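Peer 1: mind folding the following:
(2 chains)
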There are 2 protein chains.
Amino acid sequence: MQHPLKLGIAGLGTVGAGLLHLLAHQKRHLDRRVGRQIVVAGISARTKAKDRGVDLSNITWFDDPVKLAEDPNIEVFVELIGGADGVAKAAVEAALRAGKHVVTANKALLAEHGVALAELAEEHRVALNFEAAVAGGIPVIKTLRESLSANEVHRVYGILNGTCNYILTTMTDEARSFDDVLKEAQAHGYAEADPTFDVGGFDTAHKLAILASLAFGTRVSFDQIDVEGIETITEADIEAAADMGYCIKLLGVAMQTKSGIEARVNPAMVPKHSAIAEVSGVTNGVAIDANYCGSLLLVGPGAGARSTASAVASDIVDIARGKILAPFLTPTRNLKAYTKAKIGAHKGAYYVRLSVYDRPGGMAAIAKRMGDREISIESMVQRRPRASLPGIGAHQDTGTPAAVVLITHETTEEAIRGAVDAIEKDGKVSERPQVIRIEKLHENAAPDGAEG
Amino acid sequence: MQHPLKLGIAGLGTVGAGLLHLLAHQKRHLDRRVGRQIVVAGISARTKAKDRGVDLSNITWFDDPVKLAEDPNIEVFVELIGGADGVAKAAVEAALRAGKHVVTANKALLAEHGVALAELAEEHRVALNFEAAVAGGIPVIKTLRESLSANEVHRVYGILNGTCNYILTTMTDEARSFDDVLKEAQAHGYAEADPTFDVGGFDTAHKLAILASLAFGTRVSFDQIDVEGIETITEADIEAAADMGYCIKLLGVAMQTKSGIEARVNPAMVPKHSAIAEVSGVTNGVAIDANYCGSLLLVGPGAGARSTASAVASDIVDIARGKILAPFLTPTRNLKAYTKAKIGAHKGAYYVRLSVYDRPGGMAAIAKRMGDREISIESMVQRRPRASLPGIGAHQDTGTPAAVVLITHETTEEAIRGAVDAIEKDGKVSERPQVIRIEKLHENAAPDGAEG
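Peer 2: Numbering: from 1, shown residues only, chains lettered A, B, ... in the order given. As a prediction, the model looks like this:
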């Protein structure tokens, strides 16, 4: 048996405590499977006194995580502090410079400083593993780094934020408003007091930046992502979507296009009868379209102490087994520059909800603005307003707006935004039209005769 | 850069040709990502003359795959011949004995001789990788061996046979009979002339045997699996299932129970609104319930030249990167003996379809037989017979049977089988009742306050 692998763990919040719990409770299982003991040699957190449900009395305590990172007694530094800068970054850098392997669950750190840290790791020939940084317990980092290494990835997309998916699922299942569900989620502690980071799509963007780099072999470029949140989604949209066979999900999407990488976070329509539409509540789902493998969808817990600890532990086990890969798969010197595609060039179908003044010519003017840009309409529904549905208008009286919902055929972002701007200027609508992208999913390939 | 990794590939059918295609077309991509060239140094197949769409003129040809396996010029032997015994087994054994790494897509070989081959591999300190043997392009072997290595797995289950899923999906979508869809599938080459291996559930059982061993750390025990196929599923079952909120899928299920491992292949009811119910056509889906990670579902192509080649290539890349793990994760000497749970002890809800003679006392007798065994009924529907539905009876006239469909609350296999046997003996039904297990899926956990 090899000598024990000694860990230093910094940050003992939900995930840190979960990891200590896992390492204690799964010790025999891990010893047997890994053939090597994994030992916690040092810990660091803001408060020493707090009861974390695990006996810490035999573990060396460090007030300063940087000191823990540099401690000669540890081989692996596990960073569970969080935050893109500050002490988390300082400690990870110190660990890498001291030749320690690093395991982190910190998506913000990787999204903003991933390449610089990967360079440090490669320079010192140590691991920088981050399975837990994206989609919690779902093994998407390993799948991209290892299982798909012979493939070129066309697109990676998914439901990457449990809070948003919980809010959208509850709005859909219980026909309630965004504000109402958000308040409840905050009261239960599922959403932060300042929910912007989650509901505004920024957390999803951090994760997408990491996935895009792994998928396309490019430098991590968080600031190149177009981000929309779910704050503008109304019950009217959810109900109209359902009637038309769709479900609304907040997706992070990164795809290769001829003009560069299109990376965006936006509420998207997905077909109601699809596996990704069934990813509900706090569950996450990540889909990958690759040139040989085809399309994969991985569904599982995107957060939570136990599942995130499981992902952190898998990174530690890889190190215990001696497996050290380049952090972004491709050595950083070979990472391609990130070329951003113009979002205006996005091609796809759209959902458009308009509050049209019920007067002659309203619909004709709208149709003209669409026709001018060669946007053709796949289906159109004029929805009966209900008093309970915000954004639709309470009355059917002449003069009050009627909700009209359109699904377009494939067009471009530029065309649809131009049409909608023109419609608004025409004064035929009572509020800014709602525009939601329809995400085209992979269609199942026909069987090709191979066995099984 | 390291020296090139030299492969010998035996078997140039669909997957073998797909692998040659991948290695040729993805060469630059692989060189850049792996940092090491992967070269095909030798090949072997039954017919040399056949055009496989790839230039083979510079590759040494071997008539005998065993000779290729032993050739000093190769480091990795890739076995794509197929079959549990015969030349595939002989060649893999020869390769391992000669100290070559082995990559194989051969589920039958592993299901029947996996442990013996793993022992050979461990003895010679070489890899025996088989990602492609289960669920094609879905990285389920890597997920079990690596991503979940800190977890105890409670259950692994899934849709593992594309032919069966294609047949069931088509029966459901087009309201057609098993025989009708099977014939069409055979005509198109999606199903074999003798379809028993697929539709009888044996292919699924081979794959399940491999998954169960990895999941539970036990020896591979293909012969301990209870196998039922899809031949008895009628349109009446599919329609009744849909009415009651279910969808029928052929599942392989392996779970830890108090009395041992319950491993079975059977048509199962899954809730219509679940991600696994949306796994349609030839697509496969594998779900894993683990004690820390929670529940994962992996969906993707279960077969096909390109996706299987992608999985084989990922195994080769792992070897090129120097990663050699024990084939079944746990060293074979530490694998636990396989203890089979009695299938009679299976606990779950059931779907039962009965053709009841429409005479006084028929339903009362059925209710009594159920009540005797403390089976309680969750819902019951008497379905109107339709001329077009086999298994239901063509007329509503007195004396002809009526279809009654029951969904039970949780009970045991022993109780339901006893009740059904007694009902049949009572002479109140016109044919053997149809009994289908309802598979309880993992319910999404409530959010637990961890971020993201």
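Peer 1: okay, now the domains of chain A?
Peer 2: In the assignment given by automatic domain parsing, the structural domains of chain A cover A:5-133, A:140-301, A:345-438.
Peer 1: which of these is buried the deepest?
Peer 2: domain A:140-301 (a mean of 22; mean count of other C-beta atoms under 10 Å in any protein chain shown). Backbone N, C-alpha and C define where each C-beta goes, glycine included.
Peer 1: just the endpoints, please. Distance across that one?
Peer 2: In terms of C-alpha to C-alpha, to the nearest Å, the two terminal residues of domain A:140-301 are separated by 12 Å.
Peer 1: just to revisit the earlier point, so which of the domains of chain A is nearest chain B?
Peer 2: When the domains of chain A are compared for distance to chain B using C-beta to the nearest C-beta, the nearest one is domain A:140-301, at 3.6 Å.
Peer 1: tell me if stretch A:68-78 is near chain B.
Peer 2: No - residues of stretch A:68-78 contacting chain B under C-beta under 8 Å from any C-beta of the partner chain: none, with a closest distance of 13.2 Å.
Peer 1: that stretch: end-to-end distance?
Peer 2: 10 Å.
Peer 1: quick one: residues in contact with that stretch.
Peer 2: A:5-10, A:19, A:41-44, A:60, A:62, A:91-92, A:94-95, A:98, A:100-104, A:312, A:316, A:319 (C-beta atoms under 8 Å, 6 or more residues apart in numbering or on different chains).
Peer 1: let's see which of those residues end up in strands.
Peer 2: Using DSSP state E, A:5-10, A:41-44, A:60, A:62, A:101-104 are the members of the contacts of stretch A:68-78 that sit in strands.
Peer 1: would you mind listing what in the stretch 151-300 of chain A touches chain B?
Peer 2: Residues of the stretch 151-300 of chain A lying near chain B (C-beta under 8 Å from any C-beta): A:151-152, A:160-163, A:166, A:185, A:188-190, A:192, A:198, A:203, A:207, A:217, A:273-283, A:285, A:290-300.
Peer 1: the residues you listed in strands, which ones?
Peer 2: Among those, the members found in strands (DSSP E) are A:283, A:285, A:290, A:294, A:295, A:296, A:297, A:298, A:299, A:300.
Peer 1: wait, doesn't the fifth one sit right on residue B:304?
Peer 2: No - under the criterion of C-beta atoms under 8 Å, residue A:295 is not in contact with residue B:304, lying 11.6 Å apart.
Peer 1: okay, and the common contacts of these two?
Peer 2: When contacts are counted by C-beta under 8 Å, 6+ apart, the set common to residue A:295 and residue B:304 is empty.
Peer 1: so what pLDDT did the spatially most central residue of chain A get?
Peer 2: Centroid-nearest residue in chain A, with C-alpha atoms, centre = their mean: residue A:160, separated by 2.7 Å. On the pLDDT scale, residue A:160 is placed at 98.
Peer 1: that one is in contact with residue A:208, isn't it?
Peer 2: Yes - judged on C-beta under 8 Å, residue A:160 makes contact with residue A:208 at a distance of 6.7 Å.
Peer 1: so for the two, which residues contact both of them?
Peer 2: Between them, residue A:160 and residue A:208 have residue A:252 as joint contacts when contacts are counted by C-beta under 8 Å, 6+ apart.
Peer 1: least confident secondary structure element in chain A?
Peer 2: strand A:377-383 (a mean of 88; mean pLDDT, DSSP states H and E).
Peer 1: residues in contact with the helix or strand just after that strand?
Peer 2: Using DSSP states H and E, the helix or strand that follows strand A:377-383 towards the C-terminus is strand A:401-408. Judged by C-beta under 8 Å, 6+ apart, the contacts made with strand A:401-408 from elsewhere in the structure are A:236, A:240, A:244, A:349-358, A:363, A:366, A:370, A:375-383, A:385, A:391-393, A:396, A:416, A:429-431, A:438.
Peer 1: check contacts around the residue lying closest to residue A:143 once chain neighbours are set aside.
Peer 2: The shortest distance from residue A:143 to any residue that is not its chain neighbour, by C-beta to C-beta, 6 or more residues apart in numbering or on different chains, is 5.3 Å, and that residue is residue B:139. Residue B:139 is in contact with A:139, A:142, A:143, A:146, A:147, A:296, B:131, B:298, B:311, B:314, counting by C-beta under 8 Å, 6+ apart.
Peer 1: out of those, which are inside strands?
Peer 2: Cross-referencing those against strands under DSSP E gives A:296, B:298.
Peer 1: and the least confident helix or strand of chain A, what other elements does it pack with?
Peer 2: Strand A:377-383 makes packing contacts with helix A:235-243, strand A:401-408 when contacts are defined by 3 or more C-beta pairs under 8 Å, 6 or more residues apart in numbering or on different chains; DSSP states H and E.
Peer 1: cool, thanks, talk later.
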